[in-house]
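[1] build me a model:
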Amino acid sequence: MIGNHLLQHRELSATAIGVAAYIQSLPDGAPVGIKALAERFPEGEIRLGAALRELERHGYLERRRERLEDGRVVTRTYSYNKPGAPSGGPPRPTPPPPAPPDEEPVPEPAEESESEPMSDPVVEPAPVPAVEPEPKPVPVPVPESEPEPEAVAVLAGLRRRDPRLLLSERDIARLAPAVSAWLERGVEPGGIERALSAGLPEPLRNAASVLDYRLRAMLPPPLPPVRSAAAGVAGGRRRPDPLQNCDGCDRAFRAPEPGRCRTCPPAAAAA
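    Model prediction:
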């Protein structure tokens, strides 16, 4: 018989009430340790251990550490159908099963924490921080020759267009040969400044790296050779002579210079 004092207990959790009802349904001597309950119910050992401690606090369970005749220490659990009742009868002891010979019994832990694992945590030694080697200084490249003054002026003047393009002397010396290549290909200094300062990324973290990339990626091709007007060459073909008015017959004809056409006699003969 299970009384309402257990099933309707105001301070016990649902897990504790269920565990108590299950224990009272077992015969005397049945194992009711945490391991045995965990094999029967889906709840974990932590929740089942907390439920057993609830039943102990309210008098439905009592767990004692007792020494057997052979010297082994075991935990014996007593279940009470109705705590504090004078006619409730003696408690029902549930001793653990006997251990096999020549094997040291493992006593059940007296206290389990609901928020901690059942076994003692393994304390690992703290890792020793590795000593990082000191960084070696990066050698600064030294230009083989003095940079071109016009290229230096272009790079130093970029901060007038955008204050973020303030470069150090080392960056200017490193980027000046690339600017000289632009100047050799016929690009005016103003055109170089516009190409390097237009549409900068936001935020601009490293101005020298952005300029270095643009100088290499946006390098224009060399200018084609200048065509000679006197040679009159265009696309490999001779340009035709301009139209002239004949001084004798006033007809139009093609000739490099004004004069008479082929059908009219020379000016001296006509005179």
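[2] and stretch 187-206, what's buried?
    Of all the residues in stretch 187-206, those buried under the rule 16 or more other C-beta atoms under 10 Å are 187, 192-193, 195-197, 200. Glycine gets a C-beta too; all of them are placed from N, C-alpha and C.
[3] next step: those restricted to helices.
    192-193, 195-197 (DSSP state H).
[4] list just the nearest of the residues you listed to Leu223.
    Leu223 lies nearest to Ile192 out of these, by C-beta to C-beta, at 14.6 Å.
[5] quick one, what contacts that closest one?
    Residues counted as contacts of Ile192 (C-beta atoms under 8 Å, 6 or more residues apart in numbering) are 154, 179, 182-183.
[6] can I get the ones in helices among the buried residues of stretch 187-206 in JSON lines with pLDDT and distance to Arg40?
    Listed next are those as JSON lines, based on pLDDT from 0 to 100; distance: C-beta to C-beta, whole Å:
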{"residue": "Ile192", "pLDDT": "91", "distance to Arg40": "84"}
{"residue": "Glu193", "pLDDT": "91", "distance to Arg40": "84"}
{"residue": "Ala195", "pLDDT": "92", "distance to Arg40": "80"}
{"residue": "Leu196", "pLDDT": "92", "distance to Arg40": "78"}
{"residue": "Ser197", "pLDDT": "90", "distance to Arg40": "78"}
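[7] save those as TSV, and put in distance to Cys246 too.
    TSV is the format used below for those (distance: C-beta to C-beta, whole Å):
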residue	distance to Cys246
Ile192	54
Glu193	56
Ala195	54
Leu196	59
Ser197	60
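[8] just the closest of the residues you listed to Val210, please.
    So of these, ranked by how close each gets to Val210 (C-beta to C-beta), first place is Leu196, at 8.5 Å.
[9] residues in contact with that closest one?
    Leu196 neighbours (C-beta under 8 Å, 6+ apart): 158, 165, 211, 214-215.
[10] one more time with 7 Å, if that's ok
    Contacts for Leu196 (C-beta atoms under 7 Å, 6 or more residues apart in numbering) come out as 158, 211, 214.
[11] between the buried residues of stretch 187-206, which is closest to Val73?
    Once C-beta to C-beta is applied, the member of those that ends up nearest Val73 is Leu200, at 79.6 Å.
[12] against Arg254, how distant is that closest one?
    Distance, Leu200 to Arg254, by C-beta to C-beta, to the nearest Å: 56 Å.
[13] so which of the contacts of Leu196 is the most crowded?
    Leu211 (23 neighbours; other C-beta atoms under 10 Å).
[14] ok so that residue is a helix residue?
    Yes - under DSSP: H, G, I helix; E, B strand; the rest coil, Leu211 sits within a helix.
[15] these two touch, right, it and Leu175?
    Yes - between Leu211 and Leu175 there is a contact under C-beta atoms under 7 Å: 5.9 Å.
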